[in-house]
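1. here's my sequence, what's the structure:
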Amino acid sequence: MNGRDYLRIWYRVQIGTTLLVLAMMMVRNFEMGRQRVASGLFLLVIILLIGLLVELIPQLPAVVQRGNAWLQGVLQPFILVIAWDVITREIITLLRLPSRGVVSLMIIYYLLMFAPFASVIGGQLKLSIERFVFALLTFQVVLIPLIALPTDLINNHFLLQTLSTGAVGAGAYFILIMTAMRAWHLSWPGLKPHWSGDFNWWLFLGLVVLDLFITMVNAGGMPSLRRLNWSVLLMAFRAAVAEETLFRFAILGILFYAWRHYQHRLPLALATSSVLFGLAHLANVAEQAWSVTVFQVVAAGGLGLFFAVVYVYTGQLWLTMVMHGLFDLLSFMATGTTTMKGSQVTLADWSFVAGELVIFILVTALMMFGQRRRVMERHVARLTGDKQRFGFQIRY
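-> This is a model prediction of the structure:
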């Protein structure tokens, strides 16, 4: 048996247990006269029941399996989060166990909870567009654990912050995507350097220095240690881990594989991922002015291009996570807010970000030639599964 076989067993147990818990909650709410809640739980139970039956019944038509894969892929993460909330709440309220211990243990399970789902359901998605949508949809759901769990039941402020800021969700999303990428025979996230003799350490040092310079000049002021707290640290951690996992690890890996027959897949994927990273910041328009948001989209697109170049040249996801986290952390410490300050963008602001964008484009163009390009192409091959081992066997 290999690792995916064990994940499949875990998946079946988890989906069956979740189904049973939600069914009991459905009956309880029906008896208490909460028909609307009971009806919603009934729908969730039916979806999980379909998923379990398709998993257990052999040799079903391919169209049924594909339909179930998308049904579960879209809805099961949401159902798992609801079930996690319900189980945590019931353990605290019915068994009257200490909230801090229960929530701590449940956080550990939350981090791992989506791995079997990613292996079994995500592993069935063969088209690159399917994998792309899967990565985006799960990103929206996994980051927010507190859907049906009242926050007043969590009497530890630090644990509440780890959940409410999305830091726990970011860790869970990283494990989910890492599992899915292995199921797709793509890549590890680059936790161990594989730098050959043609890797230029002076160039690497230059990229690090440029990143530190860009980080300092974009902080928006002088960072203050008085503004450093757990909330700021966790928000920076969430942004670094979750966004780098999605836009660098997942999306770049998927694009590299989708365009594997194109000669210029490297620059095309770098540009596409950076544009998507910039556009993702349009979501901030609910908390800041439209002109400020457009400015942030352009600035983030340029920074995303730089992070993508660093990731592909080094092959190390943790490095861009550190860069991204430090960028956000110093900005939060300087401005005292997690959104961009002000309601207007001046001509000087646009000139500054245009200068940054030109620098990032020039750096990217420089990396597209000679030995630098060969190093990146070798890492691209690794990121798309070339010369990697899959299906490790566990023997007894």
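
2. now the helices for the stretch 1-150 of the chain?
-> Taking DSSP state H, counting those that start in this stretch as the criterion, the stretch 1-150 of the chain carries its helices at 3-31, 35-56, 62-94, 99-113, 115-120, 128-142.

3. tell me the angle of the fourth one relative to helix 62-94?
-> Spelled out, that is helix 99-113. 170 degrees (axes from the mean of the first three to the mean of the last three C-alpha atoms, to 10 degrees).

4. quick one: low-confidence ranges for this protein?
-> Residues of the chain that meet the criterion pLDDT under 70 lie in 190-194, 338-343, 386-396.

5. residue closest to the middle of it?
-> Nearest to the mean C-alpha position of the chain, by C-alpha atoms, centre = their mean, lies Ala242 at 3.7 Å.

6. quick one: that one and Ala135, what's the gap?
-> Computed as C-beta to C-beta, to the nearest Å, the Ala242 to Ala135 distance reads 11 Å. Bear in mind the C-beta positions are built from the backbone N, C-alpha and C, glycine included.

7. check Thr165 too.
-> For Thr165, the distance to Ala135 (C-beta to C-beta) stands at 21 Å.

8. so what's the closest residue to Ala250 other than its chain neighbours up against?
-> Counting by C-beta to C-beta, 6 or more residues apart in numbering, the nearest residue to Ala250 once its immediate chain neighbours are dropped is Ala135, at 4.3 Å. Neighbouring residues of Ala135 by C-beta atoms under 8 Å, 6 or more residues apart in numbering: 177, 180, 246, 250-251, 254.

9. kindly report the same for Leu329.
-> Neighbours of Leu329 in contact, by C-beta under 8 Å, 6+ apart: 232-233, 236.

10. turn these into TSV, columns for neighbour count, secondary structure and distance to Thr18.
-> Putting the contacts of Leu329 into TSV (neighbours: other C-beta atoms under 10 Å; DSSP: H, G, I helix; E, B strand; the rest coil; distance: C-beta to C-beta, whole Å) gives the following:
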residue	neighbour count	secondary structure	distance to Thr18
Val232	19	helix	35
Leu233	17	helix	32
Ala236	23	helix	32
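
11. His379 in helix, strand or coil?
-> helix (DSSP: H, G, I helix; E, B strand; the rest coil).

12. shouldn't it be in contact with Val310?
-> No. Under the criterion of C-beta atoms under 8 Å, His379 makes no contact with Val310, lying 11.1 Å away.

13. which of the helices or strands spans the closest residue to His324 other than its chain neighbours?
-> Distances taken as C-beta to C-beta, 6+ apart put Ala240 closest to His324, at 4.2 Å, once the chain neighbours are dropped. Per DSSP states H and E, Ala240 falls inside helix 230-243.

14. next structured bit after that helix?
-> helix 251-258.

15. buried by neighbour count: which residues of that following helix qualify?
-> Buried residues in helix 251-258, counted by 16 or more other C-beta atoms under 10 Å: 251-258.

16. try stretch 86-96
-> So for stretch 86-96, counting by 16+ other C-beta under 10 Å, buried means 86-89, 91-92.

17. quick one: contacts of it?
-> Stretch 86-96 is contacted by residues 21-22, 25, 97, 99, 102-103, 106, 148-150, 153 when judged by C-beta under 8 Å, 6+ apart.

18. repeat that with 10 Å
-> 17-18, 21-22, 24-25, 28, 41, 97-103, 105-107, 109-110, 145-150, 153-155, 163 (C-beta atoms under 10 Å, 6 or more residues apart in numbering).

19. one more: stretch 361-374?
-> With C-beta under 10 Å, 6+ apart as the criterion, stretch 361-374 contacts 196, 198-200, 203, 206-207, 210, 264, 266-267, 270-271, 274, 302, 305-306, 308-310, 312-313, 375-376.

20. now list the buried members of these.
-> By 16+ other C-beta under 10 Å, the contacts of stretch 361-374 give 199, 203, 207, 266, 270-271, 274, 302, 305-306, 308-310, 312-313, 375-376 as buried.

21. show me those residues that map onto helices.
-> 203, 207, 266, 270-271, 274, 302, 305-306, 308-310, 312-313, 375-376 (DSSP state H).

22. can you tell me, leaving aside adjacent residues, what's nearest to Val322?
-> Nearest to Val322 is Ala240, by C-beta to C-beta, 6+ apart, at 7.3 Å.

23. should've said Trp184
-> Of all residues not flanking Trp184 in the chain, Arg131 sits nearest, at 6.3 Å (C-beta to C-beta, 6+ apart).

24. is it true that that neighbour touches Leu186?
-> Yes. Counting by C-beta atoms under 10 Å, Leu186 is a contact partner of Arg131 at 8.8 Å.

25. what's the overlap in contacts for the two?
-> Joint contacts of Arg131 and Leu186 (C-beta under 10 Å, 6+ apart) are 180, 250, 253-254, 257.

26. got those residues as a markdown table, with distance to Leu279 columns?
-> As requested, the shared contacts of Arg131 and Leu186 are exported to a markdown table (distance: C-beta to C-beta, whole Å):
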| residue | distance to Leu279 |
| --- | --- |
| Ala180 | 22 |
| Ala250 | 16 |
| Gly253 | 19 |
| Ile254 | 17 |
| Tyr257 | 22 |
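
27. which stretches in the stretch 251-396 of the chain count as helices?
-> Taking DSSP H, counting those that start in this stretch as the criterion, the stretch 251-396 of the chain carries its helices at 251-258, 265-280, 290-314, 317-335, 347-367, 370-383.

28. how about Leu105, what does it touch?
-> By C-beta under 10 Å, 6+ apart, the residues touching Leu105 are 88, 91, 97.

29. of those, closest to Leu383?
-> Thr88 (36.4 Å; C-beta to C-beta).

30. alpha carbons of stretch 216-231, in PDB - could you do that?
-> Output of stretch 216-231 as PDB, limited to C-alpha atoms (Å, rounded to 0.1, in the frame of the first residue of the first chain):
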ATOM      1  CA  MET A 216      11.500  48.800   3.300                       C
ATOM      2  CA  VAL A 217      10.400  51.500   0.800                       C
ATOM      3  CA  ASN A 218       6.900  50.000   0.500                       C
ATOM      4  CA  ALA A 219       6.300  49.800   4.300                       C
ATOM      5  CA  GLY A 220       4.600  53.200   4.300                       C
ATOM      6  CA  GLY A 221       6.600  54.600   7.200                       C
ATOM      7  CA  MET A 222       8.900  53.500   9.900                       C
ATOM      8  CA  PRO A 223       7.800  50.100  11.400                       C
ATOM      9  CA  SER A 224       7.100  50.400  15.100                       C
ATOM     10  CA  LEU A 225       7.600  47.600  17.600                       C
ATOM     11  CA  ARG A 226       4.600  49.000  19.600                       C
ATOM     12  CA  ARG A 227       2.400  47.800  16.800                       C
ATOM     13  CA  LEU A 228       3.800  44.300  16.800                       C
ATOM     14  CA  ASN A 229       1.300  41.800  18.300                       C
ATOM     15  CA  TRP A 230      -0.100  38.400  17.700                       C
ATOM     16  CA  SER A 231      -2.900  39.600  15.400                       C
END
